[in-house]
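In: Output the structure for:
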Amino acid sequence: TINKLTSGAQSGTRLGFKGTEDLGNNMKALFVLETGIAADKGGFNQNNTAFARQSFVGLQSDMGTLTLGRQYTPYFLTMLVGDPFAAGMAGAAQNMLMPAANIRMDNAVKYTSPIFGGGFSGEAAYGFGEQAGTNSRSRQLGAYIGYSSAPINVRLGYLKKNTDVVTTIPETKDVTNWIIAANWDVKVAKLFAAVTNNDEAVYAPIRRKSQDYLIGAQVPFNKHTFIASYIYKDGDDAMTGNANQLALGYTYTMSKRTNLYAAWGRINNGTNSFLTVGNNSDPGYGDKALNLGIRHIF
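Out: Purely as a prediction, here's the structure:
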């Protein structure tokens, strides 16, 4: 049990710099440098590293956008489509659906398509492993394809990571994640859903497999928004335990830039499941959490 004054529970506290330059012929150069701030103690989040949220440069044209640097994975951006808590507060979907290591990709080359065909778009990314003597060790591959046209938004995302173990006999571990996520605005509420398939090599030939199922909703009423979600993790074998998360949240809009929030979440872990209730900036410490806070955007 722990009581904390923390920073970035609803959305990560950050300070960023971004800009574009018009190069002519409908082409622009762009950059983003973004650091996570631990406002509660005056330090940095992301393991006390500067500009560890995003840090990239790129070119944008009518043919799409090409960027290079540390960036969000297509898998994480797909998960956001299906998460009513928008990856924040005690109901954050990543508590169950993905480890924090899958949120951003280092050394990444990413292509994002323009919107075509009345609402279709896609993204593909490659993260160099930068390991001597091999192109596969520690590399990442990611992609999504999606369709967005009011009132429906849906995406299919993919991520593969090689997380090698260096021993006297080098052993390659890989993690493969698929996710389909959607939301549907029915005016009186916004409905959310997501399904994942997770496949991890523990050691040859043993693999750990699971599926996640999420349903949720946002219900707006004047300045109030009520949020709820339920996630069930189905482990396929004795190494991956079953678990479920129930979360309730509330936000009150004070102005265009300031809101209050409250959220409660609880995870019921089965045998061989050790998940914790975190938020946008904190992995959590136990099987339940309560958040109360204020967010100001400038």
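
In: ranges for the helices of the stretch 51-200 of the chain?
Out: All helices of the stretch 51-200 of the chain, identified by DSSP state H, counting those that start in this stretch, fall at 74-81, 94-97.

In: Give me the helices and strands touching the longest one, please.
Out: Judged by 3 or more C-beta pairs under 8 Å, 6 or more residues apart in numbering; DSSP states H and E, helix 74-81 is in contact with helix 94-97, strand 120-127, strand 140-149, strand 152-162, strand 174-185. The C-beta positions use only the backbone N, C-alpha and C, and glycine is treated the same way.

In: can you check the shortest one too?
Out: Helix 94-97 is packed against helix 74-81, strand 206-221, strand 224-235, strand 243-253, strand 258-269, with contacts defined by 3+ C-beta pairs under 8 Å, 6+ apart.

In: By mean pLDDT, show me the worst of these.
Out: Of all those, mean pLDDT reaches its minimum on strand 206-221 (a mean of 93).

In: how far is it from where the chain is centred?
Out: Computed by C-alpha atoms, centre = their mean, to the nearest Å, the chain-centroid distance of strand 206-221 equals 13 Å.

In: Outside of it itself, list whatever touches it.
Out: Strand 206-221 is contacted by residues 82-85, 91, 93, 96-97, 181, 188-202, 225-237, 239-240 when judged by C-beta atoms under 8 Å, 6 or more residues apart in numbering.

In: So which of the helices and strands packed on helix 94-97 is nearest Gly146?
Out: Among the helices and strands packed on helix 94-97, helix 74-81 comes nearest to Gly146, with 7.2 Å by C-beta to C-beta.

In: Now do the closest one against strand 174-185, angle only.
Out: Counting by axes from the mean of the first three to the mean of the last three C-alpha atoms, to 10 degrees, helix 74-81 lies at 30 degrees to strand 174-185.

In: For the worst-scoring helix or strand of the chain on mean pLDDT, enumerate the helices and strands it packs against.
Out: Taking mean pLDDT, DSSP states H and E as the measure, the chain has helix 45-48 as its least confident helix or strand, at a mean of 78. Contact here means 3+ C-beta pairs under 8 Å, 6+ apart; on that basis helix 45-48 packs against strand 27-38.

In: Contacts for the strand it packs on, please.
Out: Residues from elsewhere that reach strand 27-38, judged by C-beta under 8 Å, 6+ apart: 7-8, 12-23, 43-46, 48, 50-61, 65, 67, 281.

In: CA atoms of that strand as PDB?
Out: Written as PDB, here are the backbone C-alpha positions of strand 27-38 (Å, rounded to 0.1, in the frame of the first residue of the first chain):
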ATOM      1  CA  MET A  27       6.700  19.600 -48.600                       C
ATOM      2  CA  LYS A  28       7.500  20.500 -45.000                       C
ATOM      3  CA  ALA A  29      10.400  19.700 -42.700                       C
ATOM      4  CA  LEU A  30       9.300  19.000 -39.100                       C
ATOM      5  CA  PHE A  31      10.700  18.100 -35.700                       C
ATOM      6  CA  VAL A  32       9.500  17.200 -32.200                       C
ATOM      7  CA  LEU A  33      11.500  17.200 -28.900                       C
ATOM      8  CA  GLU A  34       9.400  16.200 -25.900                       C
ATOM      9  CA  THR A  35      10.500  15.500 -22.300                       C
ATOM     10  CA  GLY A  36       8.500  14.000 -19.500                       C
ATOM     11  CA  ILE A  37       8.500  16.100 -16.400                       C
ATOM     12  CA  ALA A  38       8.000  14.800 -12.800                       C
END
